[in-house]
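Undergrad: Provided below are the primary sequence and the corresponding predicted coordinates.
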Amino acid sequence: MRRRIVLAALAVFCAGMATSCAGSAPLQLDAGTTTVEYSFRDSSVPPQYHRSYVIKASKNEASITVDSYGDVLGQETSVMPADTWTQVLDSAKTLPSRAAKISEPQPGCTGGTGSKITIRDSGGERYSKSVENCGGRSDQPLTETAGLLEALFDMDKLLKTGK
């Protein structure tokens with residue numbers, strides 16, 4: 001009897017370890033109802049150099065709003081090419097596993113940038129990840145997905161700084 005209990009406990013433990021080591025399952029997203037929102041917050045610099053932006057995307061279009069400390073500097077909307085949307089969704093589906101290793105910044109690290117991605121499906125939030133990019137930390141999984149959306153816009157023109 002004791003042997004069965006030990007074997008059962010061992011089986012439960014091994015099954016739990018296998019599940020936790022497997023990582024996050026890919027998100028199941030509907031191409032027609034999913035939306036992706038990416039926000040970039042610039043570091044604290046004088047207003048003429050500060051550029052933050054939000055990109056909102058769906059199957060049909062993407063829009064970007066660029067600001068400097070809340071003052072809107074530019075807005076554009078672009079038609080969403082079907083192949084780009086497929087790539088965005090493929091990237092978004094794997095974000096939970098790719099972004100899982102992003103750690104919190106070290107204490108005392110200030111002056112960096114921040115980014116956040118939120119994926120919604122049928123209006124409900126399916127995934128959200130915020131990253132403080134400070135001290136050389138990478139937010140690469142988020143920027144890989146966002147880069148597909150940024151390519152729809154002339155980012156050099158939109159983020160141009162100075163007076």
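TA: Done, it's in.
Undergrad: Just want the most central residue of the chain.
TA: The residue lying closest to the centre of the chain (C-alpha atoms, centre = their mean) is Ile117, at 3.1 Å.
Undergrad: got any ranges where the chain has weak pLDDT?
TA: 1-23, 103-109, 135-138, 163 (pLDDT under 70).
Undergrad: any idea where the strands of the chain begin and end?
TA: For the chain, the strands defined by DSSP state E cover 34-41, 52-57, 61-68, 71-79, 113-121, 124-133.
Undergrad: For Thr94, which of these is the nearest?
TA: strand 124-133 (10.4 Å; C-beta to C-beta). (Each C-beta comes from the backbone N, C-alpha and C, glycine too.)
Undergrad: Show me what the closest one is packed up against.
TA: Where contact means 3 or more C-beta pairs under 8 Å, 6 or more residues apart in numbering; DSSP states H and E, strand 124-133 is packed against helix 95-98, strand 113-121, helix 140-150.
Undergrad: Go ahead and confirm Cys134 touches Thr110.
TA: Yes: at 7.0 Å, Cys134 counts as touching Thr110 under the criterion of C-beta atoms under 8 Å.
Undergrad: which of those two has more neighbours?
TA: The residue with more neighbours, out of Cys134 and Thr110, is Cys134; 17 against 10, by other C-beta atoms under 10 Å.
Undergrad: Leaving out sequence neighbours, find the closest residue to the more buried one.
TA: In space, and not counting its chain neighbours, Cys134 is closest to Gly112: 3.0 Å by C-beta to C-beta, 6 or more residues apart in numbering.
Undergrad: ok, the one you found to Glu150 distance?
TA: 19 Å (C-beta to C-beta, to the nearest Å).
Undergrad: Let me see the contact set for the spatially closest residue to Ala146 that is not a sequence neighbour.
TA: In this structure, Ala146 finds its nearest non-sequential neighbour in Tyr38, 4.2 Å apart by C-beta to C-beta, 6+ apart. The contact partners of Tyr38, taken as C-beta atoms under 8 Å, 6 or more residues apart in numbering, are 54-55, 57, 115-117, 142, 145-146, 149.
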